[in-house]
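Asker: model this:
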Amino acid sequence: MNNKEFISELAQRSGYTQADTQRLVNTVIASMGDAFEGGENVALSGFGSFEVKKRMERVVINPVTGLKMLVPPKLVLGFKPIAAIKEKLKKGGDAHE
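Answerer: Numbering: from 1, shown residues only. Have a look, this model is predicted:
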């Protein structure tokens, strides 16, 4: 599902216009982005949680040249779905829900 399809489906289910729905989705995404930049985690009830994690620096080896390089530490974003979603995906899910 691409962004246009998502907005259309969400607008239809909520009863709002597509323009209002697009603004709402953009606001939610911007707010989440601001929280991530501040190093905060975001939990969405009934969906899961997004976590900002620090990946430590590490040494990697180029398999072709054998050259060792130091990869600096960085922040990465992880997602943990709720148990119900994990279980549904394990069972193959239902494509038409």
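Asker: Can you check which helix is longest in this structure?
Answerer: In the chain, assigned by DSSP state H, the helix with the most residues is helix 18-37.
Asker: From the contact counts, what lies against the host helix or strand of Leu75?
Answerer: Applying DSSP states H and E as the criterion places Leu75 in strand 74-81. In this structure, strand 74-81 makes packing contacts with strand 48-55, judged by 3 or more Cβ pairs under 8 Å, 6 or more residues apart in numbering; DSSP states H and E. In this view, the C-beta of every residue, glycine as well, is placed from N, C-alpha and C.
Asker: Would you mind pulling the contact partners of the helix or strand that comes right after the strand it packs on?
Answerer: The helix or strand immediately downstream of strand 48-55 is strand 58-61, counting by DSSP H and E. By Cβ atoms under 8 Å, 6 or more residues apart in numbering, the residues outside strand 58-61 that reach it are 67-71.
Asker: Neighbouring strands - and their directions - for strand 58-61?
Answerer: Applying DSSP bridges to the sheet, strand 58-61 is found paired with strand 68-71 (antiparallel).
Asker: Leaving out sequence neighbours, find the closest residue to the residue nearest to the spatial centre of the chain.
Answerer: The geometric centre of the chain, computed from its C-alpha atoms, lies nearest to Phe79 (Cα atoms, centre = their mean), at 5.8 Å. Spatial nearest neighbour of Phe79, excluding adjacent residues (Cβ to Cβ, 6 or more residues apart in numbering): Phe50 at 5.4 Å.
Asker: gap between the one you found and Glu87?
Answerer: Relative to Glu87, Phe50 is positioned 20 Å away (Cβ to Cβ, to the nearest Å).
Asker: So these two - more neighbours on which side?
Answerer: Legend: neighbour count by other Cβ atoms under 10 Å for Phe50 and Glu87, higher for Phe50 (17 against 11).
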